[in-house]
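>>> Can you look at this prediction? I've put the sequence above it.
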Amino acid sequence: MSIFEYNGSAVVAMVGKNCFAIASDRRLGVQLQTVATDFQRVFKIHDKLYIGLSGLATDAQTLYQRLVFRHKLYQLREERDMKPETFASLVSALLYEKRFGPYFCQPVIAGLGEDNEPFICTMDCIGAKELAKDFVVSGTASESLYGACESMFKPNMEPEELVETISQALLSSVDRDCLSGWGGYVLLLTPTEVQERVLKARMD
Amino acid sequence: MMKPDMSALETHFGAPAGEDCGLLFDVDDSSMPAMEFPNCPNFDRFQAKTKDMVKNKRGTTTLAFIFDRGVIVAADSRASMGGYISSQTVRKIIEINPYMLGTMAGGAADCQFWHRNLGTKCRLHELANKRRISVTGASKLLANILYSYRGMGLSIGTMIAGWDEKGPGLYYVDSEGARLKGNRFSVGSGSLYAYGILDEGYRFKMSIEEAGELARRAIYHATFRDGASGGCVSVYHVGPDGWTKLSGDDVGELHFQYYPVQKTPVEQEMVDASPSTA
């Protein structure tokens, strides 16, 4: 098993009508053994920007701390929050700095930009950005997630429908993966509210 | 007449005759056809990669134990290939004959084939000897077959459980050639988690329901902790009249039976408040 499969993870983000949803599984494992079922993988950068980090758990936590630090400095200098596109470039640059000794993470960035336009992107562990208009996935269950999202996604979904879709895509994908699952966490962001949900899932 | 090209049959090994090298024939005799040995630096590890590939193809949890009413046999139903779950509905408890069960761990094809082969041999024994074969005898038959294939890459970790004239019998047999008699076994990647529950709750005097519940709980616990075990728990009981299937439960639902979701106080208030505001 590779270093990316050491802890096991699944993260997915989807775009809806003036909203987005980002979801992750809740398992923390050491290869096949499950150690925790309430591990947080989706982190808040500011009110309208979230990042999900799959891959090695220790790198996910350290990378998140570094990004929060950089964003706080930005806020002090610019006296405003970062735009999602700018943040994505920041993450990409930070990851490429470690080109020959990388963080073993694949981030998924989701935010609402100017005019509340939803923005999602993912990148590999050395910062290659992949922008998408519909959904992005990462983690050990990524292949299953691609299949599930591709078949379940429709453009311009309302928030309730989006949450339902992303939950079903996540749960059905992690049910085919030994290393992720054990619960789900979904975060929905619209211009006016944030909704968090913990999903009841198979615990095997 | 053209002479056929015999250069491929020439020997490339051994010392000239006369030196003491322990060979049974004269090695420099070029009329003796011989082959080049494959260049194998470590003969014992020949094909080890292929064998290891087969071995790790399935994680599993199976267990069996003897108590005063017979033998309980239980298993999960997940087949995994590395990280991918290839099936959640594999039957890992194999019915050798109406009074003997075998469990499957390791290579599916190996287990299925050799258990069926064992069933055939047991039936032939019955016909030849006019009496049923004992669990001791059946496990010995299987162990001897597996020993003769030792090192060839079979991957089988099985428990043979049954009831014969001496009462309940349980043997662990594997493809390395081991055959162990015992009262409690658990096999597979999730076996350590199952042992934790099994060893704690085990008593010799139990009712059949209690024993079945212990087995179910042990397998459930292994599916929770081990990534390579999951699906459904099947529990069988072998008694004096043969085996019966006690239960088959989906582990996803079992979890919420053992650990029901606790409503937070806020949610409970919302549930209580809603009828009055209608």
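Ah, there it is. Keep in mind that this is a model prediction, so the values were computed, not measured.
>>> Correct me if wrong: residue B:185 contacts residue B:178.
No: Residue B:185 lies out of contact with residue B:178 (C-beta atoms under 8 Å); the separation is 11.3 Å. All C-beta spots, glycine's among them, are computed from the backbone N, C-alpha and C.
>>> Name the residues of chain A found near chain B, please.
A:1, A:5, A:8, A:29, A:31-34, A:140, A:175-179, A:200-204 (C-beta under 8 Å from any C-beta of the partner chain).
>>> try 7 Å
A:1, A:5, A:29, A:32-34, A:140, A:176-179, A:200, A:202-204 (C-beta under 7 Å from any C-beta of the partner chain).
>>> In strands, which of those residues appear?
The strands, defined by DSSP state E, take in A:29, A:33, A:34 from these.
>>> so what pLDDT did the first one get?
What the model reports as pLDDT for residue A:29 is 94.
>>> How about residue B:88: what's its closest non-neighbour residue?
In space, and not counting its chain neighbours, residue B:88 is closest to residue B:231: 3.9 Å by C-beta to C-beta, 6 or more residues apart in numbering or on different chains.
>>> hmm, back to that, farthest pair in the residues of chain A next to chain B?
With C-beta to C-beta as the measure, no two of the residues of chain A next to chain B lie farther apart than A:1 and A:200, at 28.1 Å.
>>> before we move on, back to that, buried among the ones in strands among the residues of chain A next to chain B? Need that as a selection in ChimeraX.
Of these, the buried ones can be selected in ChimeraX as follows, counting by 16 or more other C-beta atoms under 10 Å in any protein chain shown:
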select /A:29,34
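>>> which of the ones in strands among the residues of chain A next to chain B lies closest to residue A:23?
residue A:29 (18.4 Å).
>>> nearest spatial neighbour of the closest one, skipping sequence neighbours?
Using C-beta to C-beta, 6+ apart, the nearest residue to residue A:29 is residue A:8, at 4.8 Å.
>>> Neighbours of the one you found, how many?
Around residue A:8 there are 31 other residues, counting by other C-beta atoms under 10 Å in any protein chain shown.
>>> That one: what secondary structure?
The three-state label given to residue A:8 by DSSP: H, G, I helix; E, B strand; the rest coil is coil.
>>> tell me the contacts of it?
A:27, A:29, A:140, A:179, A:180 (C-beta atoms under 7 Å, 6 or more residues apart in numbering or on different chains).
>>> what number of residues lie near the closest residue to chain A within the stretch 151-278 of chain B?
Of all residues in the stretch 151-278 of chain B, residue B:230 sits closest to chain A, at 3.2 Å by C-beta to the nearest C-beta. Counted with other C-beta under 10 Å, residues neighbouring residue B:230 total 32.
>>> That one is in contact with residue B:224, isn't it?
No: if you go by C-beta atoms under 7 Å, residue B:230 and residue B:224 don't touch, sitting 8.8 Å apart.
>>> quick one: the strands in the chain?
All of this refers to chain A. Shown for chain A, the strands assigned by DSSP E span residues A:10-15, A:20-25, A:28-30, A:33-36, A:42-46, A:49-55, A:105-112, A:118-123, A:129-132, A:135-139, A:184-189, A:194-199.
>>> I was thinking of chain B, sorry if that wasn't clear
So, for chain B - with DSSP E - the strands run B:62-67, B:70-75, B:79-81, B:84-87, B:93-97, B:100-103, B:157-164, B:167-174, B:179-181, B:184-187, B:232-239, B:242-250.
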